[in-house]
Structure formats: structure tokens, C-alpha cells
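Q: Kindly generate the corresponding structure for this input.
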Amino acid sequence: MFPLASLFLIIALFATAILASEANDSPEELACAAENQSEVDEEQMYTNLIEFVRSGDGFVNPSLVVRPVEPNASFRGVFTTDSVREGDVLCSLPWHLILKAEDVDEIREDELTICRTIRSVIREMKLGEDSEFAPYVRYLLSTPKVQLPSLWSADGRDLLMNIIGAENEHYIMNPLNRWLEDCEGGDDPLELQAAMLTLSRETWDLMIPFYDMHNHHNGHKLNTIIEIREGEKIEIRAARDIEKDEQIYESYNFCSECGGRSTGYGTTELLFDYGFVENYPQRWIIIDDVVEFDLDYTENGSHDELEVRWLTKHVPSKSDILKLNEEIEQLEALQSSSFSSFDNKVPHHEWEVTKQYLSALLVALKHAVEAAEGVEGSPTIVVSEDFDYEEEEEEEE
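A: Have a look, this model is predicted:
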């Protein structure tokens, strides 16, 4: 018989060897292993979410995958692995796979629909793995904290307010006030998290699994259209032919289900509602919110050139142009004084986003001035076909 003491000695030596091996791993190697495991877990989470849709009689186009928007980036998007033809279905979800207001256990009289949707999300988050929406809840809980300017640090908000002015302080209102005040919701951390996730992701007061993973873009890159058949299903189709490796985009404002955002809502509003500065095309509302224009690249010979497209009949007058030039001068001074080097009082993300917004605003205002000064024959202005353009005559004082 093998001696018991010898067996214990072999086990002890084996355990010591394992511990010694682990101890020899450098912090960098351990961090890399943890990161790789995290990536595997994240990939599995997206796979489970897609399977959740498909197993519930929904459809996700087999040509779609979730992957980082850039190599080594944590930010992800939905991409094609093969070309998709215009009109093809990208994803389709039957009504029972959508988190919505009527899913709440208790209907409160006269309560807003969005409030009931938030309560539905709270219920499923509390159920956790026991929720019938568990793969979707897992995804929601994994998403980074929403970085809205209204939730920034005091220094970050003050820096941004220096750009937009005190008269636009309403932009800084905490969106959670809608839950706490309009919905009379609780301030439990889980409830606040559910409210923030819902308010930043809902479409027509609906929480739509997989669809809410699509990032925002307008212009030619916008390649989806959505059809909501209430009580039946939601279907997302290709708005045009989509090439292999293209990212799938939706629009957060140029869409039929955006709640009236097609006018009076642009780049500034997107920043405060979603926390990012959109790429071109951009939409700007200036001068007491009555002048609205799009700014986008247009093909001009061999070079891309930014083009202004007026969207209202009110084009800046001479006095408006003077005001705009004064604002440009003030913003350029702010750019030189506050953004020449990083201010460590402001969190880096908040400083970078504010710097990006200021740069975009300056470019937009300068192009608006150039276009307004040279309306006739200017190659940088296009008047929208939505109205008959007539230059307003300024009254002589």
C-alpha cells in the first residue's frame, strides 16, 4: 500500500508548485489574463442577447455582429460581415420581446407612459437572472455609466456653461428629475440606474433589445429605417445597400419615431441628451433659436468642403452677423485660455468632450457667417428645398 504520509507530501508539493507558478506571473500578465477573460465574457453576453431575440421568435440578420468600433476600443457597435441589400430585414422583434409600459404589475392613474416603462425595467432588474429578459438585463447592467453633461462634476458643468451661456442653463437640468418628480419615483440606486438607462435608450417609450445597440449617425452613413407595429412587432430594415464591414447606424433625431426632433433639435441637444458631439452632418440652431442650418461635407472637385444648408427662412441679417462675430471672438478667447492645456480640476472625459464641442461650434458659426455674408453665388451655401428662400431686408435705423 502506498504510504499515506507520502501521498500528503506529494499533494503539498503539487500545491506549492501551482502557487509558485501563479506567484511568478507578473501584474501585467495577470491584468492581461483578466482582460482577455473579460472580453470572452462580453462576447458571450452579446451572443446570448442575439440568441435571446432569435429564440423568442425574433430575427437578427446573420450578417450582423457586435464588435469594437476601432481596434482595442471598448466602445462597440453593430457591423455587417457581408453586404446587405436595401430593404433587407436587419432585425425584427415580436411585441413580447420588448420592455414596455403595459408590462408593469400596477397601472397608476394618469401616470406618464415613460414612467411605467421605467417601472418595468426596475422590475426586471430586480428579478435579475430570474427575469424572462435576463440576457437583455445583463447587457443593460454592463453598459458604462451614462456621461451626460447634467451629471458631470461642478467644474465640468461650469466649463461647458462658459460656452453655451447662462441663458441656456435649462440644458443642464438633471434628467433624473423626470423620474423623481414627474414619475414620483424612488431614489434607490437601482431605481435611479434603471431610470437613467431607460431615459437614455428608449424609443417611443419602448426598450428594444439589440436595436438600442445601434450608434447614431445622420447623412449618408445613416442606413436603417424602423417600423413600429404597435402590439405586433418592431422591424428594422436597411435604408440603402450596405457594404461589408459597414457599421449599422440609426438617427437619434432624423427619424419618424424621434418625437418631433426633426426640427429645433440638433448637435447641442444631442450632446446634453446623449453625452457626445455628433460627427458631420451636424444641425445647429442659433440666434435665439430661430436660425437653423445643417453643416456637412459636400464633394467639390477633388476636395471635400463643408456646406451650409439653411433650414429656416430667417438667414442671419447684418446685425445678426455682428453678434455672431462677437460670439466667435469670445469663444476663440475661451479656447485659448481654457483649452491650451488640460485643466486637471475637470475630469479628463468632460474636458475632452467640452473641447470637442467648442471646436465644432466655432467651425459651425464661422461657416454660418461666411454663408450669410455671401448668399448670392456663394459655393458654401445651399438653401433647403423645404421653403422658398427670400433674403430678409434689414430695416434702416
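
Q: count of neighbours near the closest residue in space to Lys221 that isn't next to it in sequence?
A: With Cβ to Cβ, 6 or more residues apart in numbering as the criterion, Lys221 has its nearest non-adjacent residue at 5.4 Å, and that residue is Tyr249. C-betas here are computed from N, CA, C, even on glycine. The local packing of Tyr249 (other Cβ atoms under 10 Å) involves 21 other residues.

Q: beta partners for Tyr249?
A: Asn215 (DSSP bridges).

Q: who's in contact with it?
A: Listed by Cβ atoms under 8 Å, 6 or more residues apart in numbering, the contact partners of Tyr249 are His214, Asn215, His216, His217, Lys221, Leu222, Asn223, Thr224.

Q: Any idea how many residues pack against the fourth one?
A: What that stands for is His217. When counting by other Cβ under 10 Å, one arrives at 22 neighbours for His217.

Q: picking that back up, among the contacts of Tyr249, which ones are buried?
A: His214, Asn215, His216, His217, Lys221, Leu222, Asn223, Thr224 (16 or more other Cβ atoms under 10 Å).

Q: Please convert these to TSV, extending it with pLDDT and distance to Ser131.
A: Formatted as TSV, those follow (pLDDT from 0 to 100; distance: Cβ to Cβ, whole Å):
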residue	pLDDT	distance to Ser131
His214	94	23
Asn215	93	26
His216	93	28
His217	94	32
Lys221	93	34
Leu222	94	33
Asn223	95	32
Thr224	95	28
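
Q: From these, pick the one nearest Thr298.
A: Lys221 (15.0 Å; Cβ to Cβ).

Q: quick check, Val78 in a helix?
A: No. Val78 is assigned strand when assessed by DSSP: H, G, I helix; E, B strand; the rest coil, not a helix.

Q: Ile248 is in contact with that one, correct?
A: Yes. The criterion here is Cβ atoms under 8 Å, and Val78 meets it with Ile248 at 4.3 Å.

Q: Spit out the residues that contact these two alike.
A: Contacts common to Val78 and Ile248, judged by Cβ under 8 Å, 6+ apart, are Leu64, His214.

Q: which residues touch the helix or strand encompassing Arg157?
A: Using DSSP states H and E, Arg157 sits within helix 154-164. For helix 154-164, the surrounding residues in contact (Cβ under 8 Å, 6+ apart) are 149-150, 152, 168-169, 171-172, 268, 331, 334, 338, 343, 345-347, 350-351, 354, 357-358, 361.

Q: ok, now with 6 Å
A: Taking contacts as Cβ atoms under 6 Å, 6 or more residues apart in numbering, the residues outside helix 154-164 that touch it are Pro149, Ile172, Leu334, Lys345, Val346, Glu350, Thr354, Leu358.

Q: Ok, stretch 53-72 next?
A: Contacts for stretch 53-72 (Cβ under 6 Å, 6+ apart): 46, 50, 75-82, 84, 90-94, 97, 209-210.

Q: how does it look with 8 Å?
A: The list of residues contacting stretch 53-72 from outside it, by Cβ under 8 Å, 6+ apart, reads 46, 50, 74-84, 88-94, 96-97, 209-210, 213, 215, 247-248.

Q: Please list the members of those that lie in helices.
A: Of the positions in the contacts of stretch 53-72, Tyr46, Ile50 sit in helices, assigned by DSSP state H.

Q: Which among the contacts of stretch 53-72 count as buried?
A: Using 16+ other Cβ under 10 Å, the buried members of the contacts of stretch 53-72 are 46, 50, 76-80, 84, 90-93, 97, 209-210, 213, 215, 247-248.

Q: before we move on, back to that, narrow the contacts of helix 154-164 to those in helices?
A: Judged by DSSP H, helices contain the following of those: Leu334, Glu350, Thr354, Leu358.
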